[in-house]
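**Student:** Let me see the structure of the following:
(chains A and B, ligands or ions: 1)
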Amino acid sequence: MKLNRCIMWTALLAICLLTILSVFGAFCGAPKAKLIFNSIPLGVYWSGLAVLLIAGFVQFSRLLHKPGLFMVHAGCLLILVGSMWGSETGHQLQKRFLDSQKIPSGYMVIYEGESEKHIVAEGLKQTLGELPFSIKLNDFRLEHYPADEDSVPRLYIKTHQGQVLQLIAKAGEEISLGQGKGKLRIVRTFRNFRITVEDEEKIVTDQGQAAENPAVQVVIELPDSNSYTRYVFENFAGFTHGENLLQLSYVSQGPQIIRDYFSDVVIIENGKEVAAKSIEVNHPLHYAGYHFYQHSYDSQAGKYTILSVTSDSGLYTVYGGYWLLSLGVLWQFWFRHITIGLEMSKVKTKVLIQ
Amino acid sequence: MTIKYTFQGLLIYVVIAAYLLAFLTTVLGRKKTGNGLYLAGFIIAAITFGYRWYDARHVPFQNLFEVFLSMGMMVYPLSIFCRRSLRVGGETMDMLLGAILLFPAGFIFKAEPQKLPPALQSWLFIPHVAVYLMSYVIMAKATVQAFCQLKAKPAYTDENLVDPEIGTYRIICFGFPLLTLGLILGSWWGKLAWGDYWGWDPKELWSLASWLVYIGYLHFRYMFGKKHARINSCLAILGMSVILITLLWANLSKIFPGLHNYAS
Ligand code: HEM
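**Tutor:** Numbers count the residues shown, from 1 in each chain, chains lettered A, B, ... in the order given. This next block holds a predicted model:
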């Protein structure tokens, strides 16, 4: 009886200590907290907690016989064991005693059309090791949300007095440039502006659907009934248009928001393509004991991708623990009562029938 | 504090007004009118939730405006469930709780809908946030019971209902599986989206701390039962305080930079 009390008090103390450490870790920020929770003293704590859970099973028969309680505590034990096995220290111990060559985690930088097998550390400089296969990046792609229907093309006009005017860029729209300064009228918009020369005459055309060179043609009408035509290109925002010192910028649609990133890769082992996948956020590639995730990319030219790589050691033990813990709490706190309730109602109906 | 001059804002203010009126009329003894107003408030809250879903084109769980709007809708069904199945009362305080939960949505947080960034486009987004929000509202109701126990004031005089100490325990037992599922689904999602099932991020650590406080509560109550009722209640209140920090401080303060932080 005394031992039981002792175990329960120790468990309570261990839970209390972990709560305080979690709060402390939250103030430290993730990188420092990771170091703290993976340190040797914490290693001792995690092992102690696992021993305590086992002691609980030995001393309290209810923990073994009540399915909900068993699943909850066994789930916690599995999570502890799995995460210790998959930790950096766990990998080092496996390397030492089981001759495992697995790298716990790192990154891979792969250029389009090239293959890579090196795993590098966070700064992308120090090599941590090599995979027994290589990954080839066929293509890296970004997908944007379609432009908002309500984000209509607009022309921004900065007058020489520094005033910023805005006009919807639709043929026929016009705006006054201030008293005695004339007005500006939209003539035509282009998704892909091109100039071709035919019979020594320059011809302006709009080519294709792709918004490669969006532009707008405007006419500025001066009060002295002179007028001149100008083209404003989205790709050259704020270009000053001489005579009137107007700075014109054209925005053909709202800011483009990225919807997803894709790295189309193939795995090459012994010179043969053995697997292919389009890695995207939330859809990693799993191969030969590693998970590969879309981590980052070349934001300037889109020529390379950065994948993060993690070993799956211990992962399925942790997942097993998650299942047990989830089913355990649901059984212990919800379903047990529902089944008891059903049993009771059966008894009641039996009594009524008799 | 900003007032929202939109249709959605107007609906939120109507719900807050309905909840507050329901509270006042119930306190003044007009229980039936109070219940009617509470139900009406819930129906309008559900319509507001649906409207927001349609307007933002994704389930409204993304930012703190949407989170509080959703929680404000969950109080009424919880009141009904607690009375019918757990025999726990306290609806009058739930009406006030509903108004308090909707206040940040009505007056504090911005309502501009945002597009879902890639990491949030996962099937785990809805269950992870939904179970967390439900558990938070449930634990908030348990906290009200714990305060009633501390004040040694029975919240109600109905013989069919249990006393506030047992009420606190029953509600926590009901909410704890959801809190656990929230933590586990979040961890699973973290693995899919970022490659790690646990990143030691401040928000993750605060949510672990809140879960641990409730584990402490359950073990302590197993050890001593109702013997130290006041400590039981204090633990329940501590759990809710840590949840509040997880939901607000960890998201908004620059002290806790990380993946879940909106401050920057
Ligand atoms: C560290 C060692 C631990 C020991 C020795 C221990 C022991 C116990 C015991 C003896 C009970 C009471 C069983 C009964 O009703 O007869 C219990 C209940 C429980 N334990 Fe643990 N436990 C430990 C850790 C944990 C952890 C880490 C969790 C996390 C999920 C946990 C979750 C629970 C739950 C949910 C209950 C049910 C409480 C209730 O029904 O009110 N335990 N534990």
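
**Student:** I'd like the next helix or strand past the helix or strand hosting B:Leu78.
**Tutor:** Per DSSP states H and E, B:Leu78 falls inside helix B:64-81. Where DSSP H and E defines the elements, the next helix or strand beyond helix B:64-81 is helix B:91-103.

**Student:** For that following helix, list every residue counted as buried.
**Tutor:** For helix B:91-103, the neighbour count (16 or more other CB atoms under 10 Å in any protein chain shown) marks B:Glu91, B:Thr92, B:Met93, B:Asp94, B:Met95, B:Leu96, B:Leu97, B:Gly98, B:Ala99, B:Ile100, B:Leu101, B:Leu102 as buried. In short, each C-beta sits where N, CA and C put it, glycine included.

**Student:** separation between the residue nearest to the fourth one when sequence neighbours are not counted and chain A?
**Tutor:** Read that as B:Asp94. With CB to CB, 6 or more residues apart in numbering or on different chains as the criterion, B:Asp94 has its nearest non-adjacent residue at 4.5 Å, and that residue is B:Ser79. Going from B:Ser79 to chain A by CB to the nearest CB, to the nearest Å gives 19 Å.

**Student:** between the buried residues of helix B:91-103, which is nearest A:Glu273?
**Tutor:** The nearest member of the buried residues of helix B:91-103 to A:Glu273, counting by CB to CB, is B:Leu101 at 54.6 Å.

**Student:** In chain B, where is pLDDT below threshold?
**Tutor:** B:116, B:118-119, B:153-159, B:253-264 (pLDDT under 70).

**Student:** Specify the local secondary structure of the residue of it found nearest the ligand.
**Tutor:** Residue nearest to the ligand within chain B: B:Leu218 (4.0 Å; CB to the nearest ligand atom). The three-state assignment at B:Leu218 reads helix, by DSSP: H, G, I helix; E, B strand; the rest coil.

**Student:** what's the spacing between it and chain A?
**Tutor:** The spacing between B:Leu218 and chain A, counted by CB to the nearest CB, is 9 Å.

**Student:** So what's the residue count around the residue nearest to B:Asp94?
**Tutor:** 24 (other CB atoms under 10 Å in any protein chain shown).

**Student:** same check, this time on A:Leu330
**Tutor:** A:Leu330, neighbours per other CB under 10 Å, totals 18.

**Student:** still on that earlier bit, list the buried residues in the helix holding B:Leu78.
**Tutor:** If you call a residue buried by 16+ other CB under 10 Å, then helix B:64-81 has these buried ones: B:64-76, B:78-79.

**Student:** Mind giving me the packing neighbours of it?
**Tutor:** helix B:7-27, helix B:31-56, helix B:91-103, helix B:125-150 (3 or more CB pairs under 8 Å, 6 or more residues apart in numbering or on different chains; DSSP states H and E).

**Student:** how is chain B carved up into domains?
**Tutor:** Domain assignment for chain B, taken from automatic domain parsing, gives B:1-108, B:120-264.

**Student:** Quick check, the residue in the stretch 101-250 of chain A closest to the ligand?
**Tutor:** A:Pro104 (24.9 Å).

**Student:** Spatially, what comes nearest to that residue if we skip its sequence neighbours?
**Tutor:** The shortest distance from A:Pro104 to any non-neighbouring residue, by CB to CB, 6+ apart, is to A:His91 (4.3 Å).

**Student:** need the contact list for the one you found.
**Tutor:** A:His91 is in contact with A:Ser100, A:Lys102, A:Ile103, A:Pro104, A:Ser311, A:Ser313, counting by CB atoms under 8 Å, 6 or more residues apart in numbering or on different chains.

**Student:** and those as a markdown table, adding distance to A:Met71?
**Tutor:** Output for the contacts of A:His91, formatted as a markdown table (distance: CB to CB, whole Å):
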| residue | distance to A:Met71 |
| --- | --- |
| A:Ser100 | 30 |
| A:Lys102 | 30 |
| A:Ile103 | 33 |
| A:Pro104 | 29 |
| A:Ser311 | 27 |
| A:Ser313 | 24 |
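
**Student:** Quick check: which of the residues you listed has the minimum pLDDT.
**Tutor:** Least confident of these in the model: A:Ser100, at 84.

**Student:** Which one, of the helices and strands packed on helix B:64-81, ends up nearest to A:Gln247?
**Tutor:** Nearest to A:Gln247, of those and by CB to CB, is helix B:31-56 at 35.8 Å.

**Student:** Is chain A within reach of that closest one?
**Tutor:** No - with CB under 8 Å from any CB of the partner chain as the criterion, chain A is not reached by helix B:31-56; the gap is at least 12.4 Å.

**Student:** near chain B, which residues of the stretch 51-200 of chain A?
**Tutor:** Residues of the stretch 51-200 of chain A lying near chain B (CB under 8 Å from any CB): A:Ser83, A:Ser105, A:Tyr145.

**Student:** Of the residues you listed, which count as buried by neighbour count?
**Tutor:** Buried by 16+ other CB under 10 Å: A:Ser83, A:Ser105, out of these.

**Student:** Could you count how many residues lie near residue 39?
**Tutor:** Went with chain A since none was named. The number of residues packed near A:Ser39 is 12, by other CB under 10 Å.

**Student:** meant chain B, my bad for not saying
**Tutor:** Applying other CB under 10 Å, we find 14 other residues in the vicinity of B:Leu39.

**Student:** Could you verify my assumption that it touches B:Tyr76?
**Tutor:** Yes - counting by CB atoms under 8 Å, B:Leu39 touches B:Tyr76, with 6.9 Å between them.

**Student:** what residue lies at the spatial centre of chain A?
**Tutor:** A:Val281 (5.4 Å; CA atoms, centre = their mean).

**Student:** can you check chain B too?
**Tutor:** Chain B, centroid-nearest residue using CA atoms, centre = their mean: B:Val137 at 2.4 Å.

**Student:** follow-up on the earlier one: indicate which one of the domains of chain B is closest to A:Leu124.
**Tutor:** domain B:120-264 (15.6 Å).
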